[in-house]
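Student: Quick one, structure for this:
(3 chains)
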Amino acid sequence: MARYDWISLTTDYGLSDGFVAACHGVIARIAPSVRVIDVTHQVPPADVSRGAVVLAQTVPHLPPAVHVAVVDPGVGTARRAVAIEAPQGLLVGPDNGLLPPAAEALGGIRRAVVLDKAEWFADPVSPTFHGRDIFAPVAARLSVGGDLAAAGTGVDPATLVRLPEPIVVVGDGWLEAEVATVDRFGNVQLAAPGEALDRLGELLRVGGVSARRVVTFGETAPGALVVYVDSADRVAIAINGGRAVVALGVTPGDIVHITTA
Amino acid sequence: MARYDWISLTTDYGLSDGFVAACHGVIARIAPSVRVIDVTHQVPPADVSRGAVVLAQTVPHLPPAVHVAVVDPGVGTARRAVAIEAPQGLLVGPDNGLLPPAAEALGGIRRAVVLDKAEWFADPVSPTFHGRDIFAPVAARLSVGGDLAAAGTGVDPATLVRLPEPIVVVGDGWLEAEVATVDRFGNVQLAAPGEALDRLGELLRVGGVSARRVVTFGETAPGALVVYVDSADRVAIAINGGRAVVALGVTPGDIVHITTA
Amino acid sequence: MARYDWISLTTDYGLSDGFVAACHGVIARIAPSVRVIDVTHQVPPADVSRGAVVLAQTVPHLPPAVHVAVVDPGVGTARRAVAIEAPQGLLVGPDNGLLPPAAEALGGIRRAVVLDKAEWFADPVSPTFHGRDIFAPVAARLSVGGDLAAAGTGVDPATLVRLPEPIVVVGDGWLEAEVATVDRFGNVQLAAPGEALDRLGELLRVGGVSARRVVTFGETAPGALVVYVDSADRVAIAINGGRAVVALGVTPGDIVHITTA
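Tutor: Next up, the predicted model:
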């Protein structure tokens, strides 16, 4: 079976408790030579959409890995625990929509199993901490060569829970798209791919406010609203030296209109 | 002597300064092949109780390690610096109550030394940064096989400073316990062990408010107050999709009463 | 060529997005056996001075490494990307003043190159994420033995952008110095070296308020203002159990006066 030198972790556990370290510890005990890359543990509690966006945009830059993601408000209920095989890596986590976008970014879903083999888990399993007791041990065992087919029961990938597709509509001289995420700098990323800007001009209006299409922030004066293609190849809105999210007053899921001025 | 492949770090240094990295660097220079697991660096400044709780609940899930913990308002004063040997690991830090609960979680205190060998330290030692100049170098040297007996002068474990035992009283149909800690999700963990719930019913009152005993959060409607045994085997209180700490208005050290409804 | 087992990362990317992980991933793909020490990713957005101070005070405690630092409001504009060789390590980042203080701390600038070899970068390079696409890959290639001379075009170190020297004036019984930085504990570090206190007494006034020169915090009663030489050998001001930054109401760049009482 494939072996992986790396495991990535994406959670909403925060960094104030020992939850992340417990997952690192479980991995270290089962797969001591595997190394862990923390994607982020600051997903807002239970915000599956945010976790899915960050994970999908980060995995293409990571080495081949078993990617563990846990944003899991349904922990311990009937929601399924799954592992997914993609051409460029494995994903392990709850079946709540968190994993499929990252699987697509890794080449598509090739196979999926429901994690139902108790011998792959910690014993006992805490009903409120599957990251430590199910997902981390399963990922660690997969990383050292464990067989995906032995980790659980195969399921039709079409049955995996998926988040709704974000709204993106492109017309002649206009673009309408959902806010996908907002980063640390207050830059607002839309769900629209970068090429959606191709049919718009250089002078734009974002929800009625004048903006300019640029390649990078520093091309304009501080305070200017700019539209650009960001590092994940998405249409994004920023203010040079400021926080576009504040100026626009938007939040993920909101619709933003961009038109040629 | 025993060698350890892992060192864990628990501090109140935060992640905004270079303090944690300096400790990593000191370890890397002395013990380059040892790997570090960060438990947390977000212990509130000088909150020894919080550090002790997080450390004690995390170490059972880590591989055999030298555990360094530094929450140390008395740095540079007469408070002792110590190393403790437990059956399942070593602990290094200030003698202010931070380490003993973790030592108990690792099988009990077998031996303790006061760190008084300057040749094990950085030279010079900053009077305000013993994490970098005393605890990290001592831990690194112990991890590569340094002898605990050579690291300091043996002391009677009974002389180690201990935090007061938290209040936990269990009666017939009621339970009274101190809040031990509050996690990122606003879940309130009491000092009472999970089995303290055995003598209570399924319908409960927490400080006068109706609550239900559950196994995991998602069993009830969003907004419902629930009591459960958490992943550290403690009685805990949560709100499905909410923050129990806000609803209860408690803080660590407060007493919570739970009664059968 | 020199090889480095370690890379350090200092950025203003925060820990909520996947930006830091993407850099870790790029390094892991190019230099899988290199290990990464995160100095901090919590530099306030675009605060080059803060990044420079943290980096310069941390690198002396790290093992020999390629130090990547990215606080880069001018990303994608004409500002240069550089690599600097010092006797005790390499530095990689934007030419905006961020790197030279750390280079001095590592023994001085021996050589500098402008990073202008596209074959060392990711392809394509995002105009807004040079950390991932230029600095991380260049650092990774340098760490595995890549030749600095091949990484770019040599430039006169005198042409590197430098931050203004902070104000430090020492007189007979007084000291005037800029606030260099404020740490997690609210301790206020001045730009003055520790020896600047030699000519002052034990009883002091800080901006008119009584203070005492101490070796460490715990020597005085809680709440007392103290002046001491901190762990980076700078004059610093603290309140035992409190936050000096609040009491003094200062911010980096402000001038603080200390006089013998």
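Student: In the stretch 1-150 of chain A, where is pLDDT below threshold?
Tutor: Residues of the stretch 1-150 of chain A that meet the criterion pLDDT under 70 lie in A:1.
Student: now with 90?
Tutor: A:1-2, A:74-78 (pLDDT under 90).
Student: residues from chain A in reach of chain C?
Tutor: Residues of chain A lying near chain C by Cβ under 8 Å from any Cβ of the partner chain: A:5-6, A:8, A:15, A:35, A:37-42, A:54-55, A:57-58, A:61-63, A:183-185, A:215-219, A:228, A:230-231, A:241. (Glycine included, C-beta is placed from N, CA and C.)
Student: If we check chain B, which of those residues are in contact?
Tutor: Counting by Cβ under 8 Å from any Cβ, the subset of these that neighbours chain B consists of residue A:15.
Student: Quick one, grab the pLDDT at the residue of the stretch 151-261 of chain A found nearest chain B.
Tutor: Residue of the stretch 151-261 of chain A nearest chain B, by Cβ to the nearest Cβ: residue A:184 (13.3 Å). In this model, residue A:184 is scored at 96, pLDDT.
Student: That one is in contact with residue C:11, isn't it?
Tutor: No. Using Cβ atoms under 8 Å, residue A:184 is not in contact with residue C:11, being 10.0 Å away.
Student: the more surrounded of the two?
Tutor: In this view residue A:184 and residue C:11 are compared by other Cβ atoms under 10 Å in any protein chain shown, and residue C:11 has more residues nearby, 23 against 17.
Student: so what's the more buried one up against?
Tutor: Contact analysis of residue C:11 by Cβ atoms under 8 Å, 6 or more residues apart in numbering or on different chains lists C:19-20, C:23, C:40-41, C:43, C:51, C:69-71, C:131.
Student: Now for the nearest residue in space to residue A:234 that is not next to it in sequence: which residues touch it?
Tutor: Using Cβ to Cβ, 6 or more residues apart in numbering or on different chains and skipping residues adjacent in sequence, the residue nearest residue A:234 is residue A:189, 5.0 Å away. Taking Cβ under 8 Å, 6+ apart, we find residue A:189 in contact with A:179-183, A:230, A:232, A:234-236.
Student: Can you turn the buried part of those residues into a PyMOL selection?
Tutor: A single PyMOL command is used to select the members of these judged buried by 16 or more other Cβ atoms under 10 Å in any protein chain shown:
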select buried, chain A and resi 179+180+181+182+183+230+232+234+235+236
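Student: In strands only, show me the contacts of residue A:189.
Tutor: A:179-182, A:234-236 (DSSP state E).
Student: wouldn't residue A:110 be in contact with residue A:86 here?
Tutor: Yes. With contact defined as Cβ under 8 Å, residue A:110 counts as touching residue A:86 (6.0 Å).
Student: Mind listing the shared neighbours of those two?
Tutor: The contact lists of residue A:110 and residue A:86 share no entry, where a contact means Cβ under 8 Å, 6+ apart.
Student: Please identify the helix or strand for the residue lying closest to residue A:90 once chain neighbours are set aside.
Tutor: Nearest residue to residue A:90 in three dimensions, chain neighbours excluded: residue A:66, at 4.6 Å (Cβ to Cβ, 6+ apart). Taking DSSP states H and E as the criterion, residue A:66 maps to strand A:65-70.
Student: The helix or strand that comes right after that strand vs strand A:65-70, what angle?
Tutor: Next in sequence after strand A:65-70, counting helices and strands by DSSP H and E, comes strand A:81-86. With axes from the mean of the first three to the mean of the last three Cα atoms, to 10 degrees defining the directions, strand A:81-86 sits at 150 degrees from strand A:65-70.
Student: Parallel or antiparallel, list what pairs with strand A:81-86.
Tutor: Partner strands for strand A:81-86, per DSSP bridges, with pairing direction: strand A:89-94 (antiparallel), strand A:111-114 (antiparallel).
Student: so which residue of the stretch 151-261 of chain A comes closest to chain C?
Tutor: Closest point on the stretch 151-261 of chain A to chain C, by Cβ to the nearest Cβ, is residue A:216, at 2.8 Å.
Student: Was I right to think that residue contacts residue C:127?
Tutor: Yes. Between residue A:216 and residue C:127 a contact is recorded at 4.1 Å, counting by Cβ under 8 Å.
Student: okay, and the common contacts of these two?
Tutor: Common contact partners of residue A:216 and residue C:127 (Cβ under 8 Å, 6+ apart): A:228, C:75-76.
Student: among these, who's most crowded?
Tutor: Going by other Cβ under 10 Å, residue A:228 tops the shared contacts of residue A:216 and residue C:127 with 25 neighbours.
Student: secondary structure class for it?
Tutor: strand (DSSP: H, G, I helix; E, B strand; the rest coil).
Student: could you check the distance from the residue nearest to it when sequence neighbours are not counted over to residue A:229?
Tutor: Excluding the flanking residues, the one nearest residue A:228 by Cβ to Cβ, 6+ apart is residue A:214, at 5.3 Å. Distance, residue A:214 to residue A:229, by Cβ to Cβ, to the nearest Å: 10 Å.
Student: Understood, closing this out.
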